[in-house]
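Chemist: with the input below, show me the fold.
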Amino acid sequence: MKIIAYLYSDPLLESAPDPTIWGWEVDKVYQDLGGRQQLRQLLEECQAETVDYLLIRGVEELGDSVQEVCNCLTEVEALGIQLIAIEQTSTTTTNIRADLLKLLQEIQNYQRSRRIRQGHARNRLKASPPPGKAPYGYRRGKDKYIIDKSAAPVVKEFFERFLLYGSLRGAVRFLVKKYGKKISVSTGRRWLTNPVYRGDTAYQNNEIISNTHLPIISREEAAQIDRLLRRNRRMSPRTASANRSLAGLLVCGECQSSMTVVRVTTPRQAKEYLYLRPISCPKSPKCRSIPYEEVFQQTIKMICRELPQAVAEMSLPDMGRIKEGVKNAIATKKDILTQLPSLCETGVLDPETSQLRAYKLRTEIASLQQQLAELPPVNLRETAQAVSIPQFWLDLSESERRFYFREFIRQIQLLRQDAAWELRVNFIF
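Modeler: Next up is the predicted model:
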């Protein structure tokens, strides 16, 4: 008994399938990528030698049209080969013939869908925008996004506001107040992560091609936004945009409750007092409040004393060497990209293969650029020395202090000892 198999895949739409997917002992596998040369060879060889079974994934792989599929089925049947479609309900030649009308409708629908997907794939190879409305701040051009001069400033200020204060909700409220532009918080989060605003084009298959149009934010700003978003995920949305720099960082060591900043005022006086108290203390009597300013001053002292020591004990990789390696990999791929036109001219590559290779290279370059952007922008040891000076913290605004606190601190525990208390700072690294 001889069993053969046939696989077809379109390189524009999918990667080549594994030839060993059948679960049967197969004597030979014929595999086509885009064309039908192997299918013709299969039919010719079956005329010269007897074959009992032909395995396929689906009937639609036997041709690019309903007529081609029907012709191939007729040839296979005339050769006396039992056809088995492993991914369809009508798995054998007899069942396929019995349900032919139903199958023909399925094949038509599949091939119509494939033609649409092929059109989208060709647009991806040309780095053209995907179908649909352009993101706010852009208009659709002939083959790329074009900046909308009336809307782009709104988006730009949204990003700048987020970079300044690290608050997504605050940036959303800012747009309403200044421009009357109402967006939801979820829309604002999508803006912050949308590759289009960074000059890149993203497709439904999660692949990204970089530098396809003019960006609204720079690569450095985009990297900083990603760092802020990662940092804010560790906190509740409200504390991520709180006015006070220590908000969301403190935990009571006695009752393990998070601590919030409360403001106390005196009647008919402008002076206010800030305290830190547990949000949900289960004890009775409850853990008492602590003056905010005292905790703030103690936190600065502990950072200046303990941060350089904590960084010195770390085993840090050579970030310069890592960055250089990524940059070299990007340069190598860009060099290959520039060689593709000459390879086409000399006939080494055909135009379709060249487009596929260029598309793959550009997505790989985009991935490497993202890796490069995620690497720490500064030398941690040098930064630790700079921020270990008390005056550095005192010269900062409250929003700037909030930014730096959350860059270094994961949590601050307030440990009570009768009437006294002390802090334990847990750094991120």
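
Chemist: low-confidence bits of the stretch 151-300 of the chain, can you list those?
Modeler: 237-238, 240-241 (pLDDT under 70).

Chemist: and the helix or strand hosting residue 337, what's buried?
Modeler: In the assignment (DSSP states H and E), residue 337 maps to helix 319-345. For helix 319-345, the buried set under the neighbour-count rule, 16 or more other C-beta atoms under 10 Å, comprises 326, 330, 340. Where you see a C-beta, it was placed from the backbone N, CA and C, and this is true even at glycine.

Chemist: check what pLDDT the first one gets.
Modeler: Residue 326 carries a pLDDT value of 89.

Chemist: the closest residue to residue 174 other than its chain neighbours: how many residues sit nearby?
Modeler: Distances taken as C-beta to C-beta, 6 or more residues apart in numbering put residue 161 closest to residue 174, at 4.8 Å, once the chain neighbours are dropped. Counted with other C-beta atoms under 10 Å, residues neighbouring residue 161 total 19.

Chemist: contacting residues around residue 161?
Modeler: Residues near residue 161 by C-beta atoms under 8 Å, 6 or more residues apart in numbering: 170, 171, 174.

Chemist: highest neighbour count among those?
Modeler: Highest neighbour count within the contacts of residue 161, by other C-beta under 10 Å: residue 171, with 24 neighbours.

Chemist: and the residue sitting furthest away from the middle of the chain, backbone torsions?
Modeler: Within the chain, the residue lying farthest from the chain centre (C-alpha atoms, centre = their mean) is residue 268, at 53.1 Å. Per-residue torsions, residue 268: phi 60, psi 20 (degrees, to the nearest 10).

Chemist: roughly how far apart are it and residue 353?
Modeler: Applying C-beta to C-beta, to the nearest Å, the value for residue 268 to residue 353 is 81 Å.

Chemist: circling back: between the contacts of residue 161, which is closest to residue 299?
Modeler: residue 170 (23.3 Å; C-beta to C-beta).

Chemist: any idea which helix or strand carries that closest one?
Modeler: Here residue 170 sits within helix 168-179, counting by DSSP H and E.

Chemist: pull out the buried positions in the helix or strand following that helix.
Modeler: Downstream of helix 168-179, the next assigned helix or strand under DSSP H and E is helix 185-193. By neighbour count with 16+ other C-beta under 10 Å, helix 185-193 contains the buried residues 188, 191, 192.

Chemist: I'd like those laid out as CSV, including distance to residue 166.
Modeler: Formatted as CSV, these follow (distance: C-beta to C-beta, whole Å):
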residue, distance to residue 166
188, 13
191, 15
192, 11
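
Chemist: and which of those is nearest to residue 146?
Modeler: Of those, the one sitting nearest to residue 146 (C-beta to C-beta) turns out to be residue 191, at 17.9 Å.

Chemist: what's the pLDDT at residue 97?
Modeler: Confidence score, pLDDT, at residue 97: 57.

Chemist: outline the domain layout of this structure.
Modeler: 3-125, 129-235, 239-316+380-427 (automatic domain parsing).

Chemist: looking at these, which is nearest to residue 364?
Modeler: Short answer: domain 129-235, nearest of these by C-beta to C-beta, at 9.8 Å.

Chemist: show me how far that closest one is from its chain's centre.
Modeler: Offset of domain 129-235 from its chain centre (C-alpha atoms, centre = their mean, to the nearest Å): 14 Å.

Chemist: first vs last residue of that domain, how far apart are they?
Modeler: Taking C-alpha to C-alpha, to the nearest Å, domain 129-235 runs 35 Å from one end to the other.

Chemist: do the same with stretch 127-142
Modeler: End-to-end span of stretch 127-142 (C-alpha to C-alpha): 12 Å.

Chemist: now do the buried residues in it.
Modeler: For stretch 127-142, the neighbour count (16+ other C-beta under 10 Å) marks 127, 128, 129, 135, 136, 137, 138 as buried.

Chemist: need the max-distance pair from the residues you listed.
Modeler: 127 and 136 (21.3 Å).

Chemist: show me where the stretch 251-400 of the chain has its strands.
Modeler: 259-265, 272-278, 290-291 (DSSP state E, counting those that start in this stretch).

Chemist: got the ones you listed as JSON lines, with distance to residue 320 and mean neighbour count columns?
Modeler: Shown next, in JSON lines, are the strands of the stretch 251-400 of the chain (distance: least, C-beta to C-beta, whole Å; neighbours: other C-beta atoms under 10 Å):
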{"stretch": "strand 259-265", "distance to residue 320": "40", "mean neighbour count": "15"}
{"stretch": "strand 272-278", "distance to residue 320": "41", "mean neighbour count": "17"}
{"stretch": "strand 290-291", "distance to residue 320": "43", "mean neighbour count": "16"}
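
Chemist: mind putting those into JSON lines with distance to residue 85?
Modeler: Output for the strands of the stretch 251-400 of the chain, formatted as JSON lines (distance: least, C-beta to C-beta, whole Å):
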{"stretch": "strand 259-265", "distance to residue 85": "64"}
{"stretch": "strand 272-278", "distance to residue 85": "66"}
{"stretch": "strand 290-291", "distance to residue 85": "72"}
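
Chemist: which one of these lies nearest to residue 45?
Modeler: Per C-beta to C-beta, nearest to residue 45 of those: strand 259-265, 77.5 Å.
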